[in-house]
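Asker: Give the three-dimensional model of this entry:
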Amino acid sequence: MKRTPSFAHARRARGLTLVELMVSLVIGMLLVAAMATLFVANSRSRREVEISADATESGRYAIDLLTRELSQAGFYGTVAGKDVNGSTNLPCSTTLSEWNDSLPYHVIGWNSAATGAGSVANPACLTTRKVTDATGPGTDAIYIQRASTCYVGEKDSSGNDICEAESANNVYLQVSECASEYNSLVATTGKPYVVDRGVSGSFPLKDNACGGTNSVKRKVIRRIYYVDQNEIALKSIDLNLSGPQEAITLVENIEQMQIEYAIAAATSAGTAQTFSSAPTAADWPNVVGARIWVVSRSTDLTSSAAAASNFVAGDFDGSDAAHTLTFAAATTNPKRRVYSAYIPFNTPKIRVEQ
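Answerer: Below is the predicted model of the structure:
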């Protein structure tokens, strides 16, 4: 039998040299470092995308919500626009007679101008809106008045109540649907409707059959939308005969809102003639829409937004340093986005056209 030399076994069992081992370790470390760098870069990129999406989602949702809510301003059921009468401009009032006399004022705003230009102070029923002060520009606020889109006692297909239960603290609107009664009230009182307290109020007006059935009652909604001074959030607060209710957070991460109002002249067939961030008291009944800007921000900070950023929004028009929304440079900043929309007030527009 032929034997294999012992030195051949030794050669086949021979391991790596020290040099080969060191080269392998260096190559392995380079691969691990490259993969770690790629992972960190991908993680940072993903985080920036998420931060950007955070600001984008908040801004878009705020604009969508405001569009839905504000477009209903001035809706008062079946009353004809030309028959809405009154002269009381007191959004914070808890006096029933003043509610009765206030329906033409479907919208009122409080302006917060650029730094140095001053701002309209908060009304008594709104205390947490940030106004312009030494720390910088404040935010606008908008009040709307309307009737509920559902009526007291309305049921869905399953027999469940659609509207909330009638309350003595709320005010309700009843419009006559009987033609002869409607016309008689217009001729005698100028108001073919009743505005009264819930539960104990008097609502005698008839439905379209002019018989023994009364027409429906709708809750009168008074609501203020604003950006809070203590939280970065868009909020709303409802008002009733007991005063302002608890504020509701609508959208978080909203730090600025600016508004310009579309004003139509009585002879303009409802078409806006001018835009103003601070209409006069006489102009409010003729406001037929609003142009709104909101500035949203991300929850987390980003190192890619270290430079100062400027935004043009409403009367913050960029014409000079005092009329631009400026956010100072910092080592880290949140991402910010500005969104804008024009919101028509359809019912008041029809009222002006009549």
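
Asker: Following element in sequence after the biggest helix by length in the chain, please.
Answerer: Longest helix of the chain, by residue count under DSSP state H: helix 18-70. Remark: after helix 18-70, the chain's next helix or strand is helix 96-100, criterion DSSP states H and E.

Asker: other SSEs contacting that following helix?
Answerer: strand 193-197 (3 or more Cβ pairs under 8 Å, 6 or more residues apart in numbering; DSSP states H and E). Yep, even glycine has a C-beta here, placed from its N, CA and C like the rest.

Asker: could you pull out the strands for the protein?
Answerer: 107-110, 141-147, 171-175, 193-197, 217-227, 233-240, 243-244, 248-252, 254-263, 274-276, 287-302, 309-311, 325-327, 333-344 (DSSP state E).

Asker: Contacts for the shortest one next, please.
Answerer: To tie it back to what came earlier, the one meant is strand 243-244. Defining contact as Cβ atoms under 8 Å, 6 or more residues apart in numbering, one finds that strand 243-244 is touched by 92, 94, 125-126, 237-238.

Asker: Which of these sits closest to residue 328?
Answerer: The shortest approach to residue 328 among the contacts of strand 243-244 belongs to residue 126, at 27.9 Å (Cβ to Cβ).

Asker: how near is the residue lying closest to that closest one once chain neighbours are set aside to residue 328?
Answerer: Sequence neighbours aside, residue 224 is the residue nearest to residue 126 in space, at 5.5 Å (criterion: Cβ to Cβ, 6 or more residues apart in numbering). Using Cβ to Cβ, to the nearest Å, residue 224 is found at 30 Å from residue 328.

Asker: low-scoring stretches of the stretch 1-150 of the chain, by residue?
Answerer: 1-15, 39-51, 114-118 (pLDDT under 70).

Asker: give me that answer again for 90
Answerer: 1-56, 80-82, 112-122, 130-138 (pLDDT under 90).

Asker: What count of nearby residues applies to the closest residue to residue 292 other than its chain neighbours?
Answerer: Leaving aside its sequence neighbours, residue 292 sits nearest to residue 259 (Cβ to Cβ, 6+ apart; 5.2 Å). When neighbours are defined as other Cβ atoms under 10 Å, residue 259 has 27 of them.

Asker: per-residue confidence for residue 259?
Answerer: On the pLDDT scale, residue 259 is placed at 94.

Asker: which residues touch it?
Answerer: So residue 259 contacts 109, 111, 140, 142, 277, 290-293, 314 (Cβ under 8 Å, 6+ apart).

Asker: repeat for residue 201
Answerer: Contacts of residue 201 by Cβ under 8 Å, 6+ apart are 172, 194.

Asker: ok, residues contacting stretch 106-122?
Answerer: 70, 73-74, 89, 91, 123, 126, 129-132, 136-146, 259, 261, 277-279, 284-285, 287, 290, 315-316, 322-324, 345, 347-348.

Asker: re earlier: could you flag which of the contacts of strand 243-244 are buried?
Answerer: Burial by neighbour count, 16 or more other Cβ atoms under 10 Å: within these this picks out 125-126, 237.

Asker: Report the buried residues of stretch 179-189.
Answerer: For stretch 179-189, by 16+ other Cβ under 10 Å, it's 181-182, 185-186.

Asker: and the gap between residue 125 and residue 239?
Answerer: Residue 125 is 6 Å from residue 239, by Cβ to Cβ.

Asker: before we move on, what about residue 146?
Answerer: On the measure of Cβ to Cβ, residue 146 and residue 239 end up 12 Å apart.

Asker: try residue 351
Answerer: 22 Å.

Asker: same question, residue 230
Answerer: 20 Å.

Asker: Equivalent analysis for residue 220, please.
Answerer: Relative to residue 239, and taking Cβ to Cβ, residue 220 is found at 10 Å.

Asker: repeat for residue 216
Answerer: 23 Å.

Asker: What of residue 246?
Answerer: Counting by Cβ to Cβ - residue 246 and residue 239 are separated by 12 Å.

Asker: I'd like to know how far the closest residue to residue 71 other than its chain neighbours sits from residue 263.
Answerer: Using Cβ to Cβ, 6+ apart and skipping the chain neighbours, the partner closest in space to residue 71 is residue 343 (5.6 Å). Separation of residue 343 from residue 263 (Cβ to Cβ): 14 Å.
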